[in-house]
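Student: Below is the structure, and that's it, no one-letter string:
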């Protein structure tokens, strides 16, 4: 149980385009999901907390207009990287909370050319 | 502010040897501590949490509030324990409810040699 999926698993896009990443809790409902970013050989950095039916809460230094988060249902949160640039290339990981524990997705590798 | 420190980026032991992965934290309130593990090419998964006081795959961790530590220990390491280990902290409100969001340490790569 408690499986979280992400789609796509990897994406390559041109600079200036927008990319949407989906995070789904497959067998449980999650009122709260989290989005992290991980650079090579570094730890996970929390970007934002996504709450179902309300606006996301962004961590300091994370541009909310750059990283749009939508949590329209109890099983789906999306992260849209708008007007992506090469510096946005990274590994994006989501997690969904259930009973005080976070369950992580497999991650999405984004490469912006 | 909350902070998690894992002082060792790399840790190597031989099979059958004891292993201890260090984790220290800084948090003014009541913390909830976790250990997550990431095996090669797999997603991050929960290993254990301090409130459960359980042993998973032979690993244990005790929260030491005096030393603000949550070190992960295993008496006899196995080759399959080789992985990246992350210590993480979540704050809790006055009622004991977790805020949910996690602060991660930098991680320790454990290699167990045959």
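Tutor: Perfect, thanks for sending it. Since the structure is predicted, the reported quantities are computational estimates derived from the model, not experimental observations. Numbering: from 1, shown residues only, chains lettered A, B, ... in the order given.

Student: Run through the strands of the chain in chain order.
Tutor: You didn't pick a chain, so chain A it is. Here chain A has its strands, by DSSP state E, at A:4-7, A:10-13, A:19-25, A:32-38, A:44-51, A:57-58, A:67-73, A:76-81, A:90-98, A:101-104, A:108-112.

Student: Wait, chain B was what I had in mind.
Tutor: Under DSSP E, chain B gives strands at B:3-5, B:10-14, B:19-21, B:24-26, B:30-38, B:45-49, B:60-61, B:72-74, B:83-92, B:103-104, B:108-113.

Student: Show me what the first one is packed against.
Tutor: In terms of contact count using 3 or more Cβ pairs under 8 Å, 6 or more residues apart in numbering or on different chains; DSSP states H and E, strand B:3-5 is assigned the packing partners strand B:24-26, strand B:83-92, strand B:103-104. The C-beta positions use only the backbone N, C-alpha and C, and glycine is treated the same way.

Student: Strand partners (parallel or antiparallel) of that strand?
Tutor: Here strand B:3-5 is paired, per DSSP bridges, with strand B:24-26 (antiparallel).

Student: Just give the nearest non-adjacent residue to residue 59, would you?
Tutor: Went with chain A since none was named. Leaving aside its sequence neighbours, residue A:59 sits nearest to residue A:46 (Cβ to Cβ, 6 or more residues apart in numbering or on different chains; 5.4 Å).

Student: switch to chain B, that's the one I care about
Tutor: Nearest residue to residue B:59 in three dimensions, chain neighbours excluded: residue B:74, at 4.9 Å (Cβ to Cβ, 6+ apart).

Student: Help me confirm that the one you found comes into contact with residue B:61.
Tutor: No. Counting by Cβ atoms under 8 Å, residue B:74 does not reach residue B:61; the two are 9.9 Å apart.

Student: Between those two, which is the more surrounded one?
Tutor: residue B:61 (27 against 21; other Cβ atoms under 10 Å in any protein chain shown).

Student: In contact with residue 68, which residues are there?
Tutor: Picked chain A for this. Residues near residue A:68 by Cβ atoms under 8 Å, 6 or more residues apart in numbering or on different chains: A:79, A:80, A:82.

Student: should've been chain B
Tutor: Taking Cβ under 8 Å, 6+ apart, we find residue B:68 in contact with B:24, B:25, B:26, B:27.

Student: and the first one, bridged to which residues?
Tutor: Listed by DSSP bridges, the beta-bridge partners for residue B:24 are residue B:5, residue B:69.

Student: I am finished for the moment; much appreciated.
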